[in-house]
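1. from the sequence below, what's the structure:
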Amino acid sequence: KYYIPIVVFASLCCTTIPWFFGVEIGREWTQRGLVLMVIACPCALIISTPVTYVAGLAATAQKGVIIKGGAYLEALGLVESICFDKTGTLTQGKFALLHLDVVEDKYPREQIMQFLTLMEERATHPLAQALIDGAKKENVRVPTSMSVSDHTFLPGEGVSGKINGLEILVGNERLFRRQNLLSDRVLQRLTGNWDPSLLNGATTVGFMSIEGAGIVCAYCVADAVREESKAVVQELLKMGINVTMLTGDKKESATAIGSLVGLSKDEILSELLPDEKLTFINSLKNNGHGRLDQFSPLLENKIEGSILTSPTGTKKRRLVLMCGDGVNDAPALAAADVGVAMGAGAAIAMETADVTLMDSHLSKLLYSLNMGKRVIRKIKENVIFSLTVKFVVMVFALCGYADLWIAIVSDVGSMILVTLNGMQLLPPTHTQKETEIETSSSSKATNIKDIEQGGSYSSLGDNVVSTSCSSRNNNNCCG
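-> Take a look at the predicted model:
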């Protein structure tokens with residue numbers, strides 16, 4: 001906006017005005033004006049940012065991190081607050097059905113499992129798959145005479161629908177308390193005889209109700225924390241980044257998982273609906289202090305360009321990152337300065353997010369944050385170097401000590417140097433032999449892992465079957 005007009009005007013003055021003072025002076029200053037025009041060419045200055053962006057994006061892509069533009073990569077290096085979803089983000093999102101009790105024999109167990117399968121087969125939450133897998137382990141088959149209609153997702157609560165005309169609800173404690181189907185006394189009656197290990201806070205308890213019969217079953221599912229979660233959270237805290245866990249689960253479950261990854265009670269917010277997550281993110285963006293009791297409209301200054309050239313208000317406020325994987329996280333992902341989605345999560349989360357971790361490994365988030373910092377550092381180095389070279393040669397040119405060829409060499413040379421400096425972000429290339437060895441090792445490791453997972457699921461299946469049989473022997477279920 002200002003640089004080019006000033007340079008053109010200065011060069012024009014150098015090549016015109018001196019001619020009024022004589023031919024020799026005119027020729028001398030015309031030469032200086034041409035040198036000034038060449039050296040002032042902003043090629044190196046302009047290319048310094050995009051070449052760094054491209055190198056950074058290519059490096060993260062090779063690591064399995066897809067970023068929707070250099071501006072978001074740059075913003076990653078300036079993040080000061082990170083909010084994590086719990087299920088499927090800090091945890092593996094691979095639930096297993098540990099226990100299911102049929103209530104008062106209102107419906108046979110097999111029919112209840114059929115209803116659960118029909119209601120959950122359209123859901124994308126990992127908990128839904130656990131219920132479907134539990135039904136398969138008990139060899140439950142859904143008859144063709146059963147069909148579901150008016151299927152509706154209830155954000156942060158569960159699902160509702162109709163099966164053969166009967167209204168069905170499946171979800172968490174919040175949903176059934178809202179429907180006045182659950183109280184503390186009823187909850188104690190439903191889960192009072194369960195093993196204490198099933199109610200240790202790390203598990204999730206849910207219910208299903210059928211129109212005219214009330215709550216017909218209570219179930220318990222469990223998830224496991226990702227192996228890398230604690231190390232990643234601790235490293236983020238060491239970097240001076242504020243970390244908060246946002247979840248719709250009960251306080252006991254959220255606190256249990258949060259403590260396992262090294263978060264304090266003040267850094268854990270539970271029983272949140274999607275709009276409450278959105279409010280918290282916007283509050284962080286507004287004043288740096290997340291609050292749920294303060295409505296914060298969606299900010300318009302979403303990161304779109306380089307932070308270094310963005311408005312002052314965007315530079316000064318704290319950048320917020322949201323990392324999640326589910327439908328309930330989509331509004332918060334869209335509102336955050338940088339939204340990060342897990343590759344194994346819901347399609348809408350990946351579509352909304354600005355960054356996707358394709359293999360859902362949280363260590364890649366650390367890599368992306370560090371890459372963002374390196375990108376900012378390289379951009380600053382390139383800009384400072386380009387301006388310094390131009391200023392030095394420009395001074396020499398105005399003093400008459402720089403010829404046209406020096407201006408050309410310095411301009412092209414500085415452009416090549418900033419390009420090479422930006423390309424240092426690219427990881428070292430592997431030889432074909434090294435790539436084949438890595439591929440072979442990765443294949444073997446995957447096969448071993450599949451075998452181990454198969455064994456663990458078999459054991460889990462036996463546990464579910466034995467638990468079910470035990471429940472039948474105690475006259476807690478039938479079917």
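
2. so how far is Gly33 from Phe21?
-> From Phe21 across to Gly33, the span is 14 Å (C-beta to C-beta, to the nearest Å). In short, each C-beta sits where N, CA and C put it, glycine included.

3. who has more neighbours, these two?
-> Using other C-beta atoms under 10 Å, the more surrounded residue of Phe21 and Gly33 is Gly33, with 21 against 10.

4. in the helix or strand that contains Phe385, what's buried?
-> Taking DSSP states H and E as the definition, one finds Phe385 inside helix 363-398. Using 16 or more other C-beta atoms under 10 Å as the test for burial, helix 363-398 gives 363-369, 371-372, 374-376, 378-379, 381-383, 385-386, 389-390, 393-394, 396-398.

5. CA atoms only for the next helix or strand after that helix, dumped as PDB, please.
-> Sequence-wise, the next helix or strand downstream of helix 363-398 (DSSP H and E) is helix 404-423. Extracted C-alpha coordinates of helix 404-423, given in PDB (Å, rounded to 0.1, in the frame of the first residue of the first chain):
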ATOM      1  CA  LEU A 404      23.100  -2.100 -11.600                       C
ATOM      2  CA  TRP A 405      24.600  -5.600 -11.600                       C
ATOM      3  CA  ILE A 406      25.100  -5.400  -7.800                       C
ATOM      4  CA  ALA A 407      21.400  -4.500  -7.400                       C
ATOM      5  CA  ILE A 408      20.400  -7.500  -9.600                       C
ATOM      6  CA  VAL A 409      22.600  -9.900  -7.800                       C
ATOM      7  CA  SER A 410      21.600  -8.800  -4.300                       C
ATOM      8  CA  ASP A 411      17.900  -8.900  -5.300                       C
ATOM      9  CA  VAL A 412      18.000 -12.400  -6.800                       C
ATOM     10  CA  GLY A 413      20.500 -13.700  -4.200                       C
ATOM     11  CA  SER A 414      18.300 -12.500  -1.300                       C
ATOM     12  CA  MET A 415      15.300 -14.200  -2.900                       C
ATOM     13  CA  ILE A 416      17.100 -17.500  -3.200                       C
ATOM     14  CA  LEU A 417      18.400 -17.300   0.400                       C
ATOM     15  CA  VAL A 418      15.000 -16.600   2.000                       C
ATOM     16  CA  THR A 419      13.600 -19.500  -0.100                       C
ATOM     17  CA  LEU A 420      16.300 -21.900   1.100                       C
ATOM     18  CA  ASN A 421      15.800 -20.700   4.700                       C
ATOM     19  CA  GLY A 422      12.100 -21.400   4.500                       C
ATOM     20  CA  MET A 423      12.700 -24.800   3.100                       C
END
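
6. helices or strands up against helix 404-423?
-> helix 23-39, helix 43-62, helix 363-398 (3 or more C-beta pairs under 8 Å, 6 or more residues apart in numbering; DSSP states H and E).

7. I'd like those laid out as TSV, including distance to Val142 and mean pLDDT.
-> TSV is the format used below for those (distance: least, C-beta to C-beta, whole Å; pLDDT from 0 to 100):
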stretch	distance to Val142	mean pLDDT
helix 23-39	76	78
helix 43-62	42	88
helix 363-398	39	88
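
8. ok, the nearest residue in space to Gly33 that is not next to it in sequence to Val23 distance?
-> Leaving aside its chain neighbours, Gly33 sits nearest to Cys14 (3.1 Å; criterion: C-beta to C-beta, 6 or more residues apart in numbering). As for Cys14, its distance to Val23 is 15 Å (criterion: C-beta to C-beta).

9. so for the two, which sits in the more crowded spot?
-> Cys14 (22 against 9).

10. now the angle between helix 363-398 and the helix or strand that contains the more buried one, please.
-> According to DSSP H and E, Cys14 maps onto helix 3-16. Angle, helix 3-16 to helix 363-398, by axes from the mean of the first three to the mean of the last three C-alpha atoms, to 10 degrees: 20 degrees.

11. what comes up buried for helix 3-16?
-> Within helix 3-16, the residues that count as buried by 16+ other C-beta under 10 Å are Val7, Ala10, Ser11, Cys14, Thr15.

12. so how many other residues sit close to the residue nearest to the first one when sequence neighbours are not counted?
-> Taking C-beta to C-beta, 6+ apart, and ignoring the residues beside it in sequence, Val7 has Ala40 as its nearest neighbour in space, at 4.1 Å. When neighbours are counted by other C-beta under 10 Å, Ala40 registers 21.

13. how near is Ala40 to Asp411?
-> As judged by C-beta to C-beta, Ala40 and Asp411 stand 9 Å apart.

14. Leu100 too?
-> For Leu100, the distance to Asp411 equals 73 Å [C-beta to C-beta].

15. can you name the residues that contact the closest residue to Lys378 other than its chain neighbours?
-> In this structure, Lys378 finds its nearest non-sequential neighbour in Thr52, 4.7 Å apart by C-beta to C-beta, 6+ apart. Residues near Thr52 by C-beta atoms under 8 Å, 6 or more residues apart in numbering: Gly70, Val375, Lys378, Ile379, Asn382, Gly422, Leu425.

16. farthest pair within these?
-> Maximum pairwise distance in the contacts of Thr52, criterion C-beta to C-beta, is 13.4 Å, between Gly70 and Asn382.

17. quickly list what's touching both of the two.
-> Common contact partners of Gly70 and Asn382 (C-beta under 8 Å, 6+ apart): Thr49, Thr52.
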